[in-house]
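Chemist: Below is the sequence, then the predicted model.
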Amino acid sequence: MRINRPASPFPLQHPAPMLRILLVLVLGFGFLTPGQETRAAPSSPPRISPEAAGFSPSRLERIDARMQEAVDAGVMVGGHALIARDGKVVYDELWGQADRENGKPLEHDTLYRIYSMTKPITSVALLMLYEEGRFLLEDPVAAYLPELANLRILRETPEGEMEAATPLRQPTIRDLLRHSAGLTYGVFGDTAVDRRYREADIFRAASLEEFTDKLGQLPLLFEPGTRWHYSVAVDVQGRLVEVIAGMPFGEFLHSRIFAPLGMDDTSFVVPNAKQERLAQLYSPAGTELSWDQPWQFSTETELVPADPELTRPYLDGSLFESGGAGLVSTSEDYLRFALMLAGGGAYNGVRLLAPGTVRHMQGNHIQGMDRSGLWGMGAFGLGVGVTGDPAGANGELGSEKAYGWGGAAGTNFWVDPENNIVGLFMVQSVPHQTPLAKRFRVLTYQAFME
């Protein structure tokens, strides 16, 4: 079925792929009935003292000190961090402003562009349909999206010419979930395939159907299943949800995820009544982000208001519902989603996934592949990056079983199933060029005393 519709304590660092994001953009194995699954979850997550949750209050204060330094140094305008353990909030702090130029303070209900933190939500939506027996992970994508049938790889011949070749196999749904489909992003590289993406102007599509139609005319970058490469695969997942569920992608997210979890402020388009709550987006001074050239990072640390064109689609809905980068949310809304994952697929009496499916998401689904682009993580699962051995992945303090993802504006979350900890960090500057989210994670674990 087709649906139409500087020299400072915060040095610059090369952004990890999780922050390289395009700007635009169940029936738990029959355990619950649809009526049970859609019960609202209106109450806020409960609170508990840090000591009762195994954290040192004095050590948690180190987070405040470092974040206030970032505000004072001008490398962060405003930020919000939350830590929860065993489903209860143990840390909740705000710093700085939502809009510096208008003197608007950051609030608990401030709205953030979460960019690629949209991706895990999209993958959960697709896995909910998987649990209903609608498809297998090994199924070719083209079985459901015929516009993506018979994709070809663009290769360079020994003579330096580019030619299309038939891949050994076509991409599967699992390939989409683990970024091994042979797709790319177009704006983060300058290969011949990336240039084709930019020439096709795929990100200006008005609908997911138009997006995948354009994508079907473009070549693959590599053999499916051979390497991890960050890509538009999650936007294709959104189109799969539309076709398999028989409803618009945003409608599925609202009815099956947002409403049941009580994520009342999460959407692709910010309603007029909520637009005052949307944080100002900032960029390093001199930043120019263009659709028709590779994304360039700045060496500046001064933050200035970003190009208003980056925000317009969130206000007027002029671009497609990007499952890879399109949602706006609040800290508490996203915390509910993260707590659902931490709860083995359930939050506040609402179950979206079976515990086994959530465990399957956390597995290493790229074993044996080239994963050279996956910096700072040891593995990738289904829709989430997995830390792996911290000493072997990024060398920072953490948990080897933690998983999560981040967004281009600096937002980040992780779920640690070993210690039942959830961390969430919200900020709004793009391209984000500080290690603040990583510092927050390290400071979380140095305060954890168990």
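Modeler: Looks like it arrived, so ask away. Numbering: from 1, shown residues only.
Chemist: And for the spatially closest residue to residue 400 that is not a sequence neighbour, the neighbour number?
Modeler: Nearest residue to residue 400 in three dimensions, chain neighbours excluded: residue 389, at 5.0 Å (C-beta to C-beta, 6 or more residues apart in numbering). Glycine gets a C-beta too; all of them are placed from N, C-alpha and C. Using other C-beta atoms under 10 Å, residue 389 has 12 neighbouring residues.
Chemist: Got the confidence number for residue 389?
Modeler: At residue 389, the pLDDT value in this model is 75.
Chemist: where exactly do the helices run in the chain?
Modeler: Ranges of helices in the chain, per DSSP state H, are 34-37, 57-73, 118-131, 173-178, 192-200, 208-215, 233-245, 249-253, 259-261, 312-316, 331-342, 355-362, 390-393, 436-446.
Chemist: Which strands or helices does the longest one pack on?
Modeler: Using 3 or more C-beta pairs under 8 Å, 6 or more residues apart in numbering; DSSP states H and E as the contact criterion, the elements in contact with helix 57-73 are strand 78-85, strand 88-99, helix 436-446.
Chemist: measure residue 435 to residue 250 for me?
Modeler: 33 Å (C-beta to C-beta, to the nearest Å).
Chemist: Would you point out the helix or strand in this protein whose mean pLDDT is lowest?
Modeler: helix 34-37 (a mean of 39; mean pLDDT, DSSP states H and E).
Chemist: list the contacts for the residue most central in space within the chain?
Modeler: Closest to where the C-alpha atoms of the chain average out (C-alpha atoms, centre = their mean) is residue 117, at 2.2 Å. Taking C-beta atoms under 8 Å, 6 or more residues apart in numbering as the criterion, residue 117 is in contact with 327, 329, 334, 405, 406, 407, 411, 412, 413.
Chemist: what do you get for residue 139?
Modeler: Residue 139 sits next to 172, 173 when contact means C-beta under 8 Å, 6+ apart.
Chemist: Ramachandran angles for it?
Modeler: Main-chain dihedrals, residue 139, degrees, to the nearest 10: phi -70, psi 140.
Chemist: Domain ranges for this protein, per the record?
Modeler: 17-130+265-446, 139-245 (automatic domain parsing).
Chemist: can I get the ones you listed in a markdown table with distance to residue 258?
Modeler: As requested, the domains of the chain are exported to a markdown table (distance: least, C-beta to C-beta, whole Å):
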| stretch | distance to residue 258 |
| --- | --- |
| domain 17-130+265-446 | 5 |
| domain 139-245 | 14 |
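Chemist: if you average pLDDT over each of these, which comes out lowest?
Modeler: Ranked by mean pLDDT, the domains of the chain end with domain 17-130+265-446 at the bottom, a mean of 89.
Chemist: And that one, how far out from the chain middle?
Modeler: Chain-centre distance of domain 17-130+265-446: 7 Å, with C-alpha atoms, centre = their mean, to the nearest Å.
Chemist: do you know how far the residue nearest to the centre of the chain is from residue 104?
Modeler: 23 Å.
Chemist: same deal with residue 234?
Modeler: Distance of residue 234 to residue 104, computed by C-beta to C-beta: 32 Å.
Chemist: More neighbours: which of the two?
Modeler: Set residue 234 next to residue 104 and count neighbours by other C-beta under 10 Å: residue 234 wins out with 25 against 16.
Chemist: Report how many residues lie close to the spatially closest residue to that one that is not a sequence neighbour.
Modeler: Closest residue to residue 234 apart from its sequence neighbours, by C-beta to C-beta, 6+ apart: residue 324 at 3.9 Å. Using other C-beta under 10 Å, residue 324 has 25 neighbouring residues.
Chemist: my read: residue 324 touches residue 120, true?
Modeler: No - with contacts counted by C-beta atoms under 8 Å, residue 324 stays clear of residue 120, the gap being 10.8 Å.
Chemist: Run through the residues that contact the closest residue to residue 43 other than its chain neighbours.
Modeler: Counting by C-beta to C-beta, 6+ apart, residue 43 lies nearest to residue 348, which is 6.7 Å off, once chain neighbours are set aside. When contacts are counted by C-beta under 8 Å, 6+ apart, residue 348 touches 41, 43, 261, 262, 336.
Chemist: Most neighbours among the residues you listed, which one?
Modeler: residue 336 (25 neighbours).
Chemist: Now do the contacts for that residue.
Modeler: So residue 336 contacts 41, 45, 261, 262, 263, 347, 348 (C-beta under 8 Å, 6+ apart).
Chemist: Show me which of the residues you listed is closest to residue 288.
Modeler: Using C-beta to C-beta, residue 263 is the member of the contacts of residue 336 that lies nearest residue 288, at 33.8 Å.
Chemist: so who does the closest one touch?
Modeler: 257, 329, 333, 334, 336, 337.
Chemist: same deal with residue 151?
Modeler: 142, 167, 170, 171, 182, 216, 219, 220.
Chemist: quick revisit: would you convert the contacts of residue 263 into a markdown table that also reports distance to residue 300?
Modeler: Below are the contacts of residue 263 laid out as a markdown table (distance: C-beta to C-beta, whole Å):
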| residue | distance to residue 300 |
| --- | --- |
| 257 | 38 |
| 329 | 28 |
| 333 | 32 |
| 334 | 29 |
| 336 | 36 |
| 337 | 33 |
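Chemist: Residue 239: which of these is nearest?
Modeler: If you rank the contacts of residue 263 by distance to residue 239 using C-beta to C-beta, residue 257 comes first, at 17.0 Å.
Chemist: Run a quick neighbour tally on the closest one.
Modeler: Around residue 257 there are 22 residues (other C-beta under 10 Å).
Chemist: from memory it sits against residue 353, does it?
Modeler: No - using C-beta under 8 Å, residue 257 is not in contact with residue 353, being 10.3 Å away.
Chemist: Give the residues shared as contacts by those two.
Modeler: 124, 128.
Chemist: Quick check: of the contacts of residue 348, which lies closest to residue 308?
Modeler: residue 336 (29.9 Å).
Chemist: Look up how far residue 337 lies from the spatially closest residue to that closest one that is not a sequence neighbour.
Modeler: The spatial neighbour of residue 336 that comes closest, neighbours along the chain excluded (C-beta to C-beta, 6+ apart), is residue 261 at 4.7 Å. From residue 261 across to residue 337, the span is 6 Å (C-beta to C-beta).
Chemist: Need the residues touching each of these two.
Modeler: Common neighbours of residue 261 and residue 337 (criterion: C-beta under 8 Å, 6+ apart): residue 347.
Chemist: so which of the helices of the chain comes closest to residue 49?
Modeler: Closest approach to residue 49 among these (C-beta to C-beta): helix 57-73, 8.0 Å.
Chemist: Just want the angle from that closest one to strand 78-85.
Modeler: With axes from the mean of the first three to the mean of the last three C-alpha atoms, to 10 degrees applied, the angle from helix 57-73 to strand 78-85 works out at 160 degrees.
Chemist: What is the burial count for residue 434?
Modeler: For residue 434, the count of nearby residues is 23 (other C-beta under 10 Å).
Chemist: about what we covered before: same list, the contacts of residue 336, but as CSV with distance to residue 284 please.
Modeler: As requested, the contacts of residue 336 are arranged in CSV below (distance: C-beta to C-beta, whole Å):
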residue, distance to residue 284
41, 38
45, 34
261, 34
262, 36
263, 31
347, 36
348, 39
